[in-house]
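> I need the structure of the sequence given here:
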Amino acid sequence: MWLDDFKVAFIQNDINKLEYLANNMPKFETLDQMKEALQLIDNARTKANKLKEKTLSDMNKIKQTISFVKSTLAQNEHKLDIMQ
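Just a heads-up that it's a prediction; the model follows:
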């Protein structure tokens, strides 16, 4: 059950559920189940790190876009100001 839930959360990119499942791991009955759980957790960690890096990259792009828009707006304000 846990392994199936973890696989579904992994496929759905449900980071919160992955974290919950990783923190509430049951005692596995066989060595194969333990190995599979370890592999799944390692894959989830790798995926989470990639998502984190992408999020940081996206945030930096947004910051650059905001900075560009602000500078463009500031330049346009001067062009439209007929009182100068």
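> which residue packs closest to Ile41, ignoring adjacent ones?
Nearest residue to Ile41, sequence neighbours excluded (Cβ to Cβ, 6 or more residues apart in numbering): Ala22, at 5.7 Å. The C-beta positions use only the backbone N, C-alpha and C, and glycine is treated the same way.
> How many residues are close by that neighbour?
Other residues within reach of Ala22, judged by other Cβ atoms under 10 Å, total 15.
> Asn13 too?
A count of nearby residues for Asn13, using other Cβ under 10 Å, gives 12.
> Check the spacing between it and Val69 real quick.
Per Cβ to Cβ, to the nearest Å, Asn13 is found 30 Å from Val69.
> May I have stretch 11-26 as PDB, with CA atoms only?
Output of stretch 11-26 as PDB, limited to C-alpha atoms (Å, rounded to 0.1, in the frame of the first residue of the first chain):
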ATOM      1  CA  ILE A  11       3.900  10.500 -10.700                       C
ATOM      2  CA  GLN A  12       1.600  13.300  -9.600                       C
ATOM      3  CA  ASN A  13       4.500  15.400  -8.400                       C
ATOM      4  CA  ASP A  14       2.700  15.700  -5.000                       C
ATOM      5  CA  ILE A  15       5.600  16.900  -2.900                       C
ATOM      6  CA  ASN A  16       3.600  17.300   0.200                       C
ATOM      7  CA  LYS A  17       2.300  13.700   0.100                       C
ATOM      8  CA  LEU A  18       5.800  12.400  -0.800                       C
ATOM      9  CA  GLU A  19       7.200  14.200   2.300                       C
ATOM     10  CA  TYR A  20       4.400  12.800   4.500                       C
ATOM     11  CA  LEU A  21       4.900   9.300   3.200                       C
ATOM     12  CA  ALA A  22       8.700   9.500   3.600                       C
ATOM     13  CA  ASN A  23       8.200  10.600   7.200                       C
ATOM     14  CA  ASN A  24       5.700   7.900   7.900                       C
ATOM     15  CA  MET A  25       7.300   4.900   6.400                       C
ATOM     16  CA  PRO A  26       6.100   1.500   7.600                       C
END
